[in-house]
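What follows is a protein structure lacking sequence information:
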């Protein structure tokens, strides 16, 4: 397996983020940035189930 130390992350400004009209996609991108999540992980978060006060819990299914 080939692994690189190259950082491929991108910053998305608030101005550009606010152009995204789908609230779920917008929140997914915010979660990715805030918690360092991958897209798949961020999409699995269900706020009503995930919010445990001091942590977020991902749906395992």
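Sure, I can see it. What you are looking at is a predicted structure, and each value in this text was computed from that prediction instead of being measured.

ok, which stretches of this protein are helices?
Counting by DSSP state H, the segments of the chain that form helices are 14-17, 23-35, 39-43, 47-50.

residues near residue 25, how many?
Applying other Cβ atoms under 10 Å, we find 14 other residues in the vicinity of residue 25. For glycine as for every other residue, the C-beta is placed from the backbone atoms N, C-alpha and C.

Turn the helices of the chain into CSV, including distance to residue 58.
Formatted as CSV, the helices of the chain follow (distance: least, Cβ to Cβ, whole Å):
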stretch, distance to residue 58
helix 14-17, 22
helix 23-35, 10
helix 39-43, 6
helix 47-50, 7
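
Quick one: closest of the ones you listed to residue 3.
helix 39-43 (19.0 Å; Cβ to Cβ).

which residues sit against that closest one?
28, 29, 31, 32, 35, 58 (Cβ atoms under 8 Å, 6 or more residues apart in numbering).

Kindly report the same for stretch 5-13.
Identification of contacts with stretch 5-13 by Cβ under 8 Å, 6+ apart yields 29, 33.
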